[in-house]
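[1] based on what follows, work out the 3D shape:
(chains A and B)
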Amino acid sequence: MEKPLTQYIVPGRKPLNLKEYEKVGGYASVRKILKEMAPQEVQALVKESNLKGRGGAGFNTGLKWSFVPMGPEAAQPKYLVANADEMEPGTFKDRLLLEGNPHQLIEGMIVAAYAIQASISYVFLRWAYKVAAREITQAIQEAYEAGYLGKNILGSGFDLEMHLHTGVGRYMCGEETALLNALEGKRANPRAKPPFPQVSGLFGKPTIVNNVETLCCLPHIINNGAEWFKKLGLTEDAGTKLYGVSGRVKTPGCWELPMGTTIRELLEEHAGGMQDGYLFRGLLPGGASTDFLVEEHLDLPMDYPSIQVAGSRMGTGTMIILDDQTCPVGFTLNLQHFFAQESCGFCTPCREGLPWVEKILLAIDKGEGKPEHLLTLDFHTKYLGPGNTFCALAPGAMEPLQSALKYFREDFERHIHEHHCPWSKSKAWQPSI
Amino acid sequence: MLTAEEKHQIDHEISLVPSPKNACIEALKIVQQSHGWVSDESLKDVAEYVGMSTAELDSVATFYNLIFRRPVGRHVILLCDSISCYVMGYEDIRNQLFEKLHIQYGQTTADGRFTILPNCCLGTCDCAPALMIDHDLYRNLTVEQLDEILSKYT
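    Numbering: from 1, shown residues only, chains lettered A, B, ... in the order given. Next up, the predicted model:
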């Protein structure tokens, strides 16, 4: 089984330095595109490969690039940003790539920057990733010294500067336009679209923001072609995917597997099944902002269309497991507390609605819930849903809530009727956040 | 007053962006690195240096979770309170920390040694529960390990 993204990553060992990386074929894609391919050819190849954005949205990467103005008339400079914020709870896949093979990311960023003719690039890294910050800093320096970054790269006439920007903690920074505001030294509020960042992004110039895993796929697509990449996937979605599992399983972790690997295989073969004494109740397939899936969904392939048909989203592909000894109300409350806290406060439904949802869930968890509370929560899932808020934070928050109300409704009702949390050790309320 | 070294570092950040204002978050990080937090005085100095009003810069500073606008202890404990850590029982770790250090979230120990803050997802969900002290990440935590971990920080 081919594992292009992680083949040179050995957990616990230092990542490959530049010389070692070059020895295994590193930066060959940069040499190839600079010598043989026009930027539009790179865009077309990536579009043809059906690489979809791995940050969660699943939009065709080459198509996204194609909206960037090209040619001598295009505004300059153009920017390329690697979104390495990864603050979605339950998501930990990009850490592996950032710490394990920073040169692969830099190589992918050079390919993406060349494709859109960007001359300045940023790695927007979250604060907590200290090891990654150290490794990326060193790798950028090595790449500059070897002539892969800076002016006139490998004598091609193409220039690219690269900077590491470390965030200061705010989930909103993972949203494309909020990230750009953060890079500009502003509050990370989302921006109205249009104009889209591809046309007017960082400092008002054309900008592409791509997820780390997406960028890491690029060198391999350039080296091996679109057809090779498509064949890596088991279903209509192309490539491999970094999947992760956390929660009460025997061997939680992160693995590179063919796109379309089933949930059951991930859960039972790779994560080793549930820990002894725990039973499976449900899972969030790709981070905190995705809908619950349950037993009946275990044989679904983890790819964008299959998970969407089941009423959820693949998101980041990192699953969080709900077991039978964890209270679904407490689980949902923890998620809503996170979203309420991280709302940027920019638009009213999100700013006011999420704390209301949290307050109701807290009351239910404490045994002070009333039957009408469930109706109010149902309303919120609609009024904070897609189209009613400025960005996707609140709609994302509603995904686990609406599906928890669907699949675990009897647990919510039991809290209300019995006036306490059935999972608490005693009848006294145990604070859960 | 900003020190010469702080000004030197801020000037470098300003050189990378179109306007000095665009470097304000980096400037706040530089000041916090030297003092541990961003005082009202430091905030005013940075605002003047990058050409912003104090109020405008404060609105940026207070937006971000990891810019500290109040003094913190010599070591900051960031305890992950997100979903995977919740499932794996971070609350036991939290309760033990509160009890051992005699403080709650947002507070600093009487000897100025530790401040404890909740933190959303440290991105190590497969090794939950987890916490960070300064630059050090501790994963797969148990309450039994806490004494030994805390003893490393004076």
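
[2] so residue A:81 versus chain B, what's the distance?
    Per CB to the nearest CB, to the nearest Å, residue A:81 is found 14 Å from chain B. Glycine gets a C-beta too; all of them are placed from N, C-alpha and C.

[3] now do the strands in the stretch 51-200 of chain A.
    A:79-84, A:120-125, A:161-166 (DSSP state E, counting those that start in this stretch).

[4] list the strands paired with the second one, with their directions.
    Same thing as strand A:120-125. The strands beside strand A:120-125 in its sheet (DSSP bridges) come out as strand A:79-84 (parallel), strand A:161-166 (parallel).

[5] residue B:125 is in contact with residue A:87, isn't it?
    No: with contacts defined as CB atoms under 8 Å, residue B:125 does not count as touching residue A:87, sitting 11.7 Å away.

[6] count the neighbours of residue 8 for me.
    Using chain A. 19 (other CB atoms under 10 Å in any protein chain shown).

[7] wait, chain B
    Neighbour tally, residue B:8, other CB under 10 Å: 11.

[8] who are the contact partners of it?
    Counting by CB atoms under 8 Å, 6 or more residues apart in numbering or on different chains, residue B:8 makes contact with nothing.

[9] hang on, it is in a strand, isn't it?
    No: counting by DSSP: H, G, I helix; E, B strand; the rest coil, one finds residue B:8 to be helix, located in no strand.

[10] where does it land on pLDDT?
    Per-residue pLDDT puts residue B:8 at 98.

[11] for residue A:1, same thing?
    85.

[12] swap in the one 4 residues further on?
    Confidence per residue is given as pLDDT, and for residue A:5 that number is 98.

[13] that one touches residue A:214, doesn't it?
    No: the criterion here is CB under 8 Å, and residue A:5 misses it with residue A:214 at 10.6 Å.

[14] got the end-to-end distance for stretch A:196-204?
    Stretch A:196-204 has an end-to-end distance of 10 Å (criterion: CA to CA, to the nearest Å).

[15] flag every buried residue along that stretch.
    Within stretch A:196-204, the residues that count as buried by 16 or more other CB atoms under 10 Å in any protein chain shown are A:196-203.

[16] and the stretch 251-400 of chain A, which of its residues are near chain B?
    A:252-254, A:284, A:288, A:318, A:320-323, A:326, A:330-331, A:334-335, A:338, A:341-342, A:344 (CB under 8 Å from any CB of the partner chain).

[17] tally of neighbours for residue A:193?
    Neighbours of residue A:193 under the rule other CB under 10 Å: 12.

[18] next, the contact list for it, please.
    Neighbour list for residue A:193: residue A:177 [criterion: CB under 8 Å, 6+ apart].

[19] equivalent analysis for residue A:198, please.
    Here residue A:198 is in contact with A:64-65, A:67-68, A:206-208 (criterion: CB under 8 Å, 6+ apart).

[20] next: residue A:50.
    So residue A:50 contacts A:60, A:226, A:229-230, A:236-239 (CB under 8 Å, 6+ apart).

[21] tell me the contacts of the residue in chain B sticking out farthest from the centre?
    Residue farthest from the centre of chain B, counting by CA atoms, centre = their mean, is residue B:18 at 27.7 Å. Applying CB under 8 Å, 6+ apart to residue B:18 gives the contacts residue A:203.

[22] and the pLDDT for it?
    Reported pLDDT for residue B:18: 95.

[23] with the one 4 residues further on instead?
    According to the prediction, residue B:22 has pLDDT 97.

[24] now do the strands in chain B.
    B:75-80, B:114-119, B:131-133, B:136-138 (DSSP state E).

[25] can I get those strands in CSV including mean pLDDT?
    Formatted as CSV, those follow (pLDDT from 0 to 100):
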stretch, mean pLDDT
strand B:75-80, 97
strand B:114-119, 96
strand B:131-133, 97
strand B:136-138, 97
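
[26] and chain A, which of these is closest to it?
    Chain A lies closest, by CB to the nearest CB, to one member of the strands of chain B: strand B:131-133, at 6.3 Å.

[27] how about the closest one, which residues are buried there?
    B:131-133.

[28] picking that back up, and the residue farthest from the centre of chain B, how far from residue A:204?
    The spacing between residue B:18 and residue A:204, counted by CB to CB, to the nearest Å, is 9 Å.

[29] how about residue A:328?
    The spacing between residue A:328 and residue A:204, counted by CB to CB, is 46 Å.

[30] what do you get for residue A:133?
    According to CB to CB, residue A:133 and residue A:204 sit 28 Å apart.

[31] contacts only, for residue 34.
    You didn't pick a chain, so chain A it is. Here residue A:34 is in contact with A:114, A:153-154, A:156, A:158 (CB under 8 Å, 6+ apart).

[32] my bad, the chain I had in mind was chain B
    Applying CB under 8 Å, 6+ apart, the residues near residue B:34 are B:3, B:5-6.

[33] pull up the residues of chain B that are close to chain A.
    Residues of chain B found near chain A (CB under 8 Å from any CB) are B:16-18, B:21-26, B:28-29, B:59-60, B:63-67, B:78, B:81-84, B:86-88, B:91, B:119-128, B:132, B:135, B:137.

[34] just the buried subset of those, please.
    Buried among those by 16+ other CB under 10 Å: B:17, B:21-26, B:28-29, B:60, B:63-67, B:78, B:81-84, B:86-88, B:91, B:119-128, B:132, B:137.

[35] now distance to residue A:144 and mean neighbour count too, for the strands paired with strand A:120-125, in JSON lines please.
    JSON lines is the format used below for the strands paired with strand A:120-125 (distance: least, CB to CB, whole Å; neighbours: other CB atoms under 10 Å in any protein chain shown):
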{"stretch": "strand A:79-84", "distance to residue A:144": "16", "mean neighbour count": "27"}
{"stretch": "strand A:161-166", "distance to residue A:144": "8", "mean neighbour count": "18"}
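
[36] so which of those strands is nearest residue A:175?
    strand A:79-84 (9.3 Å; CB to CB).

[37] contacts for the closest one?
    Residues contacting strand A:79-84 (CB under 8 Å, 6+ apart): A:55, A:94, A:98, A:105, A:109, A:112-113, A:116, A:118, A:120-126, A:129, A:132, A:174, A:176, A:179-180, A:183, A:201-203, A:205-212, A:215.

[38] which of those are buried? Put it as a ChimeraX command.
    A single ChimeraX command selects the buried members of these (16+ other CB under 10 Å):
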select /A:55,94,98,105,109,112,113,116,118,120,121,122,123,124,125,126,129,132,174,176,179,180,183,201,202,203,205,206,207,208,209,210,211,212,215
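
[39] which one of the contacts of residue A:34 is nearest to residue A:396?
    residue A:114 (32.6 Å).

[40] please name the nearest non-neighbouring residue to that closest one.
    Residue nearest to residue A:114 in three dimensions, not counting chain neighbours: residue A:33, with 5.5 Å by CB to CB, 6 or more residues apart in numbering or on different chains.

[41] three-state assignment of the one you found?
    Residue A:33 falls in the helix class when you classify it by three-state DSSP.

[42] can you give me every residue that contacts residue 137?
    Assuming you mean chain A. Per CB under 8 Å, 6+ apart, neighbours of residue A:137: residue A:164.

[43] could you do chain B instead?
    A:128, A:130, B:122, B:124, B:130-131.
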